[in-house]
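J.: give me a model of this one.
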Amino acid sequence: MHKSISRSHYYAVDLIRIIAACLVVFYHFSSFVNSMTGELAFPFLSPFAHVGDVGVEIFFVISGLVIAMSAENARGLQGALKFIHLRALRILPALWISSLIGFAVLSLAGESVPSLVIRLLKTATLSPIGPYIDGVVWSLVVEAVFYTTVGITIIAAARISLEMLAKMICAASTVYLVVWTAAFLTNEQLYELLSRFPSKVFLLRYGVFFALGMLLWSGMRGRLSAPTRGTLLLAGIMCIVEIVTYRELRWGAGIAAASIWIAAISFTVVGIVHADAIEGRLQDRERKIIRYLGSYSYPLYLNHYTFGAFILQSLLNVFQPASQLSTAALFIVSAGAVLMIAAFVASAEKLAARPFRLRPSAQLEQPARISAPVSVPEGLQ
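T.: Numbering: from 1, shown residues only. Prediction:
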């Protein structure tokens, strides 16, 4: 593929990020229970109950793509340190602020403060051993392991390229997923063992998603050899296997979830390849809105679960919905509170990160030109 991949920002990535975040929000809200009645608080969200979490698999592919984009010219220890610094600035300030919010609401809910302190520390440090302040933090731990692996590869860039790393991750993850799928079909005890958190932390279960994103970027840069194209195809197939396996056989929702995932990744690729045309059609106001939504997706992801559940139960203590209309009103108020706290975190984390940002001269070197300049958007760093 030799099409121009240019512009300073990829708006398709922003749009897919906010869509993926909303999928996860609806997924978790669909499971919230009215503590007074024991029934689902928002039954109208049931269509998302078994497919909304595919937003996480979308995030992992986007992460692999963006990391390959931003780190492809980084070399040596200095390049690795700059890479890790930029990733830490992207992840940690919002995580810490959101963790404090989660700590506060869980304290108000009556949970043990000493145990919450331990959970807070584990969350703040992205410890591979939980529990955490918020249930979504596990995915950030997986991301952190991926970033660390890429950082080590940058140091060893003379011997291991990012493309080679993607192949290695894909190979290990593929072997795991074959065994995992076979165990799901034949041995429930082995399946439960293989599904434990270490398989996620060590990039076994979700490694193919990161690998796919990295290889997609190489493909869009016109750098894929025939064997690498085969690896790209294998990664895509195994991603679908992971998405479909337990969702389809347990809930009959695997095909629907895979369809959403395929549509999202396809939209992202097309949006990057045709970035010039897309940006040319957008007005300045539209560009600003889409950029904001892209950066807003992360605080929304961090704050919808623990904070959202707390707000919902607080509202239910004073108001019990008696009709579909009142249930919809309860959802609007609960979701509105989540949107507002996410907006607060989106603003606060920028202020918190500002003193630690690198000078422009110290940023990672940008990718070389392909027909037109390519740069890493601020929102993708």
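J.: so what's D14 closest to, chain neighbours aside?
T.: Excluding the flanking residues, the one nearest D14 by C-beta to C-beta, 6 or more residues apart in numbering is G294, at 2.7 Å. C-beta here means a position set from N, CA and C on the backbone, and glycine is covered the same way.
J.: now do the helices in the stretch 1-150 of the chain.
T.: 11-29, 54-71, 76-108, 113-124, 137-155 (DSSP state H, counting those that start in this stretch).
J.: quick one: closest of those to A343.
T.: Evaluated over the helices of the stretch 1-150 of the chain, closeness to A343 peaks at helix 76-108, with 11.9 Å, by C-beta to C-beta.
J.: pull out the buried positions in that closest one.
T.: Applying a neighbour-count criterion of 16 or more other C-beta atoms under 10 Å, one finds 79-80, 82-87, 89-99, 101-103, 105-106 buried in helix 76-108.
J.: before we move on, back to that, in a strand, the residue nearest to D14, correct?
T.: No: looking at G294 with DSSP: H, G, I helix; E, B strand; the rest coil, it is helix, so not inside a strand.
J.: check contacts around it.
T.: Going by C-beta atoms under 8 Å, 6 or more residues apart in numbering, G294 touches 11, 13-15, 17-18, 379.
J.: and it, how close does it get to A337?
T.: For G294, the distance to A337 equals 22 Å [C-beta to C-beta, to the nearest Å].
J.: low-confidence stretches in this protein?
T.: Across the chain, the ranges flagged by pLDDT under 70 are 1-8, 358-381.
J.: pick out the residue closest to the middle of it.
T.: Central residue of the chain (C-alpha atoms, centre = their mean): F59, 3.2 Å from the mean position.
J.: residue contacts, that one?
T.: Shown in contact with F59 (C-beta under 8 Å, 6+ apart): 17, 20, 139, 301.
J.: among the residues you listed, which pair sits farthest apart?
T.: Largest separation among those by C-beta to C-beta: R17 and S139, giving 13.5 Å.
J.: of the two, who's got more company?
T.: Between R17 and S139, counted using other C-beta atoms under 10 Å, the more crowded position is R17 (28 against 19).
J.: tell me how many other residues crowd the nearest residue to the more buried one once chain neighbours are set aside.
T.: Distance criterion C-beta to C-beta, 6+ apart; nearest residue to R17, sequence neighbours excluded, is S297 at 4.1 Å. Other residues near S297 come to 27 when the count uses other C-beta under 10 Å.
J.: so S297 sits right up against V24, yeah?
T.: No: counting by C-beta atoms under 8 Å, S297 sits too far from V24 to count as a contact (9.6 Å).
J.: the helix or strand encompassing L325 packs against which elements?
T.: In this structure, L325 is located in helix 324-353 according to DSSP states H and E. When contacts are defined as 3 or more C-beta pairs under 8 Å, 6 or more residues apart in numbering; DSSP states H and E, helix 324-353 packs onto helix 11-29, helix 76-108, helix 284-303, helix 306-316.
J.: in a markdown table: those helices, plus distance to A157.
T.: Formatted as a markdown table, the helices and strands packed on helix 324-353 follow (distance: least, C-beta to C-beta, whole Å):
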| stretch | distance to A157 |
| --- | --- |
| helix 11-29 | 25 |
| helix 76-108 | 7 |
| helix 284-303 | 28 |
| helix 306-316 | 39 |
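J.: to F331, which of the ones you listed lies closest?
T.: helix 11-29 (7.3 Å).
J.: and the angle from that closest one to helix 324-353?
T.: Computed by axes from the mean of the first three to the mean of the last three C-alpha atoms, to 10 degrees, the angle separating helix 11-29 from helix 324-353 equals 130 degrees.
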